[in-house]
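Q: the following comprises the amino acid sequence and a computationally predicted model.
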Amino acid sequence: GAVVSQHPSRVICKSGTSVKIECRSLDFQATTMFWYRQFPKKSLMLMATSNEGSKATYEQGVEKDKFLINHASLTLSTLTVTSAHPEDSSFYICSARTGGNDSPLHFGNGTRLTVT
Amino acid sequence: SQQGEEDPQALSIQEGENATMNCSYKTSINNLQWYRQNSGRGLVHLILIRSNEREKHSGRLRVTLDTSKKSSSLLITASRAADTASYFCAASSGGYNKLIFGAGTRLAVHP
């Protein structure tokens, strides 16, 4: 089946530093990937839609300069949390589709970010 | 708000019992999907029901969709301890068919 690999699974960083999270589609090409954020025991909040070769589309209230998304190839999208602060601590999950826009999403296993 | 509503927020049952979770959404949809999440992990797709469908089955799962009420339900029959997880509905809409997730139901199945 389709596999989405997300790395790292956990990261701890200090305030003010930047953290990059990678999302790879291992056995399929993904022109579109979606980045979600999840708070403990809460639902997933869509942050942005990542499009290969073009700018990401951010949801309302998500700072694009804070959460930099790059989708340079059909198998890799990256999310960089810039100048991280403790309130950025969260669970970040990426996802992608194998088929058309009407097909289910395949999710990575998420990245637990802790900013100290 | 991005999210729809799900109820109950938490459900605790015994093995063998059925579990029913409900979901409401706000916009018109292309399809509605249900996902499962084990603690601290990514989500796994369970079932997709299109906007022109009313009911769908997959193994022990049964999903219904009522577009007039903008609601859906997920029934898990003969539950097992391994079904313990959080379950989310997700409404698919818009050009990219981005998924907007409901608040989720935390299901605990006790042996």
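A: Perfect, I can see it now. What you see is a predicted model; the values in this text were computed from it and never measured.

Q: next, B:A85: phi, psi?
A: For B:A85, the backbone dihedrals (degrees, to the nearest 10) come out as phi 180, psi 180.

Q: surely A:V19 and A:H85 touch.
A: No. A:V19 lies out of contact with A:H85 (Cβ atoms under 8 Å); the separation is 11.5 Å. Heads up, the C-betas are built off the backbone N, CA and C, glycines and all.

Q: more crowded one of these two?
A: When neighbours are counted by other Cβ atoms under 10 Å in any protein chain shown, A:V19 and A:H85 differ, and A:V19 comes out ahead with 19 against 11.

Q: which residues does that one form a beta bridge with?
A: A:V19 has the following beta-bridge partners by DSSP bridges: A:V81.

Q: what of the one 4 residues further on?
A: According to DSSP bridges, A:Q6, A:S77 are recorded as the beta-bridge partners of A:C23.

Q: what residues are up against it?
A: By Cβ atoms under 8 Å, 6 or more residues apart in numbering or on different chains, the contact set of A:C23 is A:V4, A:S5, A:Q6, A:M33, A:W35, A:L76, A:S77, A:T78, A:L79, A:C94, A:A96, A:G108.

Q: could you find the closest non-adjacent residue to the first one?
A: In this case it means A:V4. Spatial nearest neighbour of A:V4, excluding adjacent residues (Cβ to Cβ, 6 or more residues apart in numbering or on different chains): A:G108 at 4.4 Å.

Q: ok, the one you found - how many residues close by?
A: For A:G108, the neighbour count with other Cβ under 10 Å is 27.

Q: so what's it up against?
A: By Cβ under 8 Å, 6+ apart, the contact list for A:G108 reads A:V4, A:S5, A:Q6, A:C23, A:I93, A:C94, A:S95, B:G42.

Q: got it, and A:H71?
A: By Cβ under 8 Å, 6+ apart, A:H71 lies in contact with A:M33, A:S50, A:N51, A:E52, A:G53, A:S54, A:A56, A:S77, A:T78.

Q: which one of those is nearest to chain B?
A: A:N51 (8.4 Å; Cβ to the nearest Cβ).

Q: any idea what the closest one is bridged to?
A: Residues in beta-bridge contact with A:N51 (DSSP bridges): A:T32.

Q: tell me the confidence at it?
A: Predicted confidence (pLDDT) for A:N51: 85.

Q: quick one, what contacts it?
A: Residues in contact with A:N51 (Cβ under 8 Å, 6+ apart) are A:T31, A:T32, A:T57, A:H71.

Q: of these, which is the most crowded?
A: Among the contacts of A:N51, A:H71 has the most neighbours (other Cβ under 10 Å), with 23 neighbours.
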